[in-house]
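> give me coordinates for this.
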Amino acid sequence: MTMRVLYNKTALCYIEISDFTDIQGIDSNPMYKRYDSVESVIRSIIDEEYQSFLAQPVLSDDEDILTWYATDWIETPKRLLDLSGVERIKYEQIKEQTLSHYQKALNHLSFSDRKILSDALKYSVEDYVYCFDNKVVLAVWGMKLRDSIVKPIGEIVHEFSDSNSFKVTFNLYSGATCVHKNDLEIKRKEGYILTKDDVPKIELNDGYRFVAWNPNPIDYKVIQDVIFGAIYEKEDKYTVIFDAGEHGRLKGSNEIRVLSGKTLSEVDIPLIEPNPTYDFLGWSPYDPIGHTIGDNIVFTAQYQEYKTNQGPEIIPPIDYVNIRFDIGEQGILNGEGFYTKKKNTTINKEEIPSVSAKKGYKFVGWDKDPLNYRLTEDVVFSAKYEKILPWYRRIWAWFWGLKVFWGNLLRWLFYILLFFLLLFLLSLFFRSCHSCSGVHDGNTTTILPIDGTNDDSTNNRNNALPISPHQPLLPLIRDNEGKLPPIIQNPGAPDIIANRLNIYFEDSDVDLNQFVSDFKRVYPEDKYKIIGYDARAFWVQIQIPEEERIQVKNEINSKLNSYNFFVIDESLFEGAFDKSGYVNKKGTDPGWHLKVVNAYDGWQITKGNKDIIVAIIDDGLDLSHELLKDKIVKPYNVFTQTENLTSGEGHGTHVAGIAVGKSNLDIAVSGIAPDCMLMPVQVFNEGICPFSALVNGILYAIHEGADVVNVSIVTPFKGLDILPEKDQIEIINSRFKAEEWAWNKILNIANKKNAILVFAAGNDRVITNLPPEHRTNKSVNVSAVDKKLAITGFSNYGIGSVVSAPGIDIYSSFPINDYSYCDGTSMAAPIVSGAIALMKSLKNDLTVEQITEILICTGKITTDKNIPIIQIDKALQMVKSGTIPERTKKEEFTKVEPPLNREENNETDYDAIRKLIEEYKNKITELEKLLPENQQ
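Alright, predicted model coming up:
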């Protein structure tokens, strides 16, 4: 029998196919011919330590013999049933753990993947379980031994002898460590020719340079046990210390290790911030730039004191107070009942929630008037109610009032006569001043009001033309009566607000005020309104009747054909957290993510720079949290256009703490960039984030100087993981092109400002590029890994994902001044945002292309989905060295052409997805009919 050679695998045993029946299949093929499909499912959901459980089947040329291959072993494999004593107990436990892990994984798979894996595990017979190297392998699976076969197991499963294999050992000595320690000792068949793939990957220890292996393993023919030894050259390294002295502080590392003979350059020298009244003069004993290192050396900063009559500007810390509205038990609150504001500010009308009184009560106000209330300390406003009397008691009160009325009637008649006499006297007085009329200019300018000034959707805010180029306007979600707008739910795609449309202009010189006038000329009725605008994004929002949305969307371009624009639905976004419940009450091991990304080593280089600002675009922030309150700059609420934020559901507070929260390592919490500043931007109102709010929030952050913009918010595609990847790719290539075009323009603005946008990949377990905001190649999109460093069961993956970071059991800040574990790509993205902030602290002009390449080149490569996990220390070392890699992907950024608003046969993107889902459901129904239990 001819045996094949498989990389890193060895033939374990073989069977005759004729001895087996009920062979499971995929489509029309037996499962052993579709092992690639089985392996794909396993790699997508099973932890790495258990991925080798199912042996790989290989069919002989005459298709009568099936050989089962297992990963290369050190210990000789033994059947589980042949073991005894402690060894038997040990491998029984490993087998149970492995099977349990596979069973749990089945619950998280789509229908098609679950069927593949469950069929493979249908027959798990102990006779075919082999044990070696602390793992178990099922050698014969997906089939059943025929009942008519009565033979000893050794005549059914034929084992190969291990006598013709030899041990190949790689000895690293003390100069390096191995990336994968199991690669240091492998087994290869007699006559096998070693290749570069057999040589382990190593990481050199400090002070060593790898020279060669002795003997050279490449093209070495294995005929006996062999040892290859690593040869190194010792490299002399010296310590260079920078001492800031008493009159200043360093911005950068105070100590570096360099090779002998290295000439110091400007990038190696930390910056000095002198104390007030001191000037930095230079370094002693001499200028380090251009100095060649041949020994350990200390450079000390030199200063000169100067006199000043004016002390340094003292910027007082921003204090915040908590505001709470207590409605008691007699009412229902409509709006935010708790938020924080700057101390010594006042409460405006939009920040006062409305109250709906319960039956039998009437809301009459608050115990103290919150409008324009000056906030000097934490305050609680308590609702006051009047009890509404039953009808019979009101009638009795009316009769009693009649009695009182007649008693007081004469007195009131006397008062009325006096009042009319006073009016008569006043009229005589003012008549004498009739000639003193005021003078005014008749050439006043009339300002045309924006539609919706009195409309519920804008909450009666006084909006007016001309449109301000600097002050955008967004409508609130609820109207004055607390009602939500009509929302269309789209299975497998984002929901949309049915009576709003976004208009984006292609030309940057468009006159928005003229467009508003032209819009009202074409759509003069009151049911068509302009309710929002942002001149920076060349965007306006219109409100139309819900039932006319498709009609208006298809006709508005032709009716206003002097403008170049396209129309986008007001889709709804959601936080990129695990939808099974992002707050993880069973979380363990706080701070584990800091170790995985090598944050501690990175902090030896820099902890950030107060000049670097990270914007968190999210649902709000606990402004009083101990990790965040001293770091906040330019907070913004896109709906109220003020600095007043709510704490939302805690999502934004948690994300902000991960990115830039202050360090409190006593409880294992710290932001990745603890010395950088925070710009919180709230884009959720009533728990809803529309497309226009997200775009407005991102643009605010870009124009207000954010260096890094974290967006842990994503377009949802719930349920589309049931579609094969080829169908998902078809959606990417053909659908949501208007949104993709808009995001391309937004990312162009960010690139011009050198603001780096970091997106959470999303938690729908689909291809990352399905959400159109991920398709531009101009952002850093982040998938999530678990504690096994494998892509989590919920994370989006594949095309569009740039890097990955931990996204499970992340411990960080939470309202109010609390902490919590959370799961989701929402948590992975701010880890990367913090890392980029550290990189820009060293070199602020890094572009998104350069940052992407550094993170990829220095990341830890895993076999799972091939998305590198960021390694902060290595990324910072590369930035500090000044060695910026070229792009590994040579293609240019995709140029997205402006889409047409009208689609063929009026089929929308949402219609297309519904059709795909329906087709796939029909396929599943047909497949289910073929199952044995459904056969008549």
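> can you pull the buried residues of stretch 651-664?
Neighbour-count burial for stretch 651-664, counted by 16 or more other CB atoms under 10 Å, picks out 651-662. For every residue, glycine as well, the C-beta is placed using N, CA and C.
> quick check: mean pLDDT across that stretch?
Mean pLDDT, computed over stretch 651-664, is 96.
> equivalent analysis for stretch 215-230, please.
90.
> kindly provide the distance from Y339 to F228.
66 Å (CB to CB, to the nearest Å).
> now do the buried residues in the one helix or strand E273 maps to.
Counting by DSSP states H and E, the element that carries E273 is strand 271-274. Neighbour counts over strand 271-274 (16+ other CB under 10 Å) mark 272, 274 as buried.
> kindly export it (C-alpha atoms) in CSV.
C-alpha atoms of strand 271-274 as CSV (Å, rounded to 0.1, in the frame of the first residue of the first chain):
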residue,chain,number,x,y,z
LEU,A,271,12.0,65.3,25.0
ILE,A,272,12.4,67.6,28.0
GLU,A,273,9.5,69.6,29.6
PRO,A,274,11.2,72.2,31.9
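> packing partners for that strand?
If you count contacts as 3 or more CB pairs under 8 Å, 6 or more residues apart in numbering; DSSP states H and E, strand 271-274 packs onto strand 248-251.
> list of residues touching the strand it packs on?
242, 244, 270-275, 278, 280, 301, 303, 609 (CB atoms under 8 Å, 6 or more residues apart in numbering).
> 6 Å instead?
244, 270-275, 301 (CB atoms under 6 Å, 6 or more residues apart in numbering).
> now stretch 127-141: average pLDDT?
In this model, stretch 127-141 has an average pLDDT of 92.
> show me how far that stretch is from its chain's centre.
In terms of CA atoms, centre = their mean, to the nearest Å, the centre of stretch 127-141 is found 40 Å from the chain centre.
> what residues sit buried inside it?
Going by neighbour count (16+ other CB under 10 Å), the buried part of stretch 127-141 is 128-133, 135-141.
> for stretch 746-764, same thing?
So stretch 746-764, judged by 16+ other CB under 10 Å, has buried residues 746-747, 750-751, 753, 755-764.
> now for those residues, which pair is the farthest apart?
Farthest pair in the buried residues of stretch 746-764 (CB to CB) is K753 and D764. Separation: 30.4 Å.
> from N796, how far off is E725?
Relative to N796, and taking CB to CB, E725 is found at 12 Å.
> kindly report the same for L855.
Note on L855: its distance to N796, by CB to CB, is 18 Å.
> more neighbours: those two, which one.
N796 (30 against 26; other CB atoms under 10 Å).
> need the contact list for that one.
Listed by CB under 6 Å, 6+ apart, the contact set of N796 reads 761-762, 766, 768.
> one more pass at 10 Å, please.
576, 714, 717, 721, 760-771, 774, 781-784, 825 (CB atoms under 10 Å, 6 or more residues apart in numbering).
> from V41, how far off is it?
According to CB to CB, N796 stands 17 Å off from V41.
> I'd guessed V125 sits against K95; true?
No. Counting by CB atoms under 10 Å, V125 does not reach K95; the two are 11.8 Å apart.
> any shared contact partners between those two?
L138.
> what residues go with each domain of the chain?
In the domain annotation for the chain, the residue ranges read 9-159, 165-234, 237-305, 320-391, 456-563, 592-870, 904-934 (automatic domain parsing).
> quick one: which of those is nearest S881?
Closest to S881 of these, according to CB to CB: domain 237-305, at 7.3 Å.
> tell me the buried residues in stretch 831-844?
831-842.
> where exactly do the strands run in the stretch 101-250 of the chain?
129-132, 135-138, 144-145, 158-159, 165-171, 176-178, 185-189, 202-204, 208-214, 226-234, 237-243, 248-251 (DSSP state E, counting those that start in this stretch).
> those strands: lowest mean pLDDT?
Looking at those, the weakest mean confidence is strand 185-189, a mean of 80.
> can you verify Q728 is assigned to a strand?
No. Assessed with DSSP: H, G, I helix; E, B strand; the rest coil, Q728 is helix; it does not lie in a strand.
> mind pulling up the pLDDT for it?
Predicted confidence (pLDDT) for Q728: 88.
> can I assume it is in contact with D721?
Yes. Look at Q728 against D721 with CB under 10 Å: they come within range, at 8.6 Å.
> which neighbours do the two share?
Going by CB under 10 Å, 6+ apart, residues that sit against Q728 and also against D721 are 766-767.
> buried residues in stretch 642-652?
So for stretch 642-652, counting by 16+ other CB under 10 Å, buried means 642-652.
> quick one: T606 and G834 touch, right?
No. Contact criterion CB under 10 Å: T606 and G834 do not qualify, at 11.5 Å.
> what do those two both touch?
673, 676, 872.
> okay if I get these as a markdown table plus pLDDT, distance to A535 and neighbour count?
As requested, those are exported to a markdown table (pLDDT from 0 to 100; distance: CB to CB, whole Å; neighbours: other CB atoms under 10 Å):
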| residue | pLDDT | distance to A535 | neighbour count |
| --- | --- | --- | --- |
| A673 | 97 | 32 | 32 |
| C676 | 97 | 30 | 27 |
| I872 | 96 | 39 | 30 |
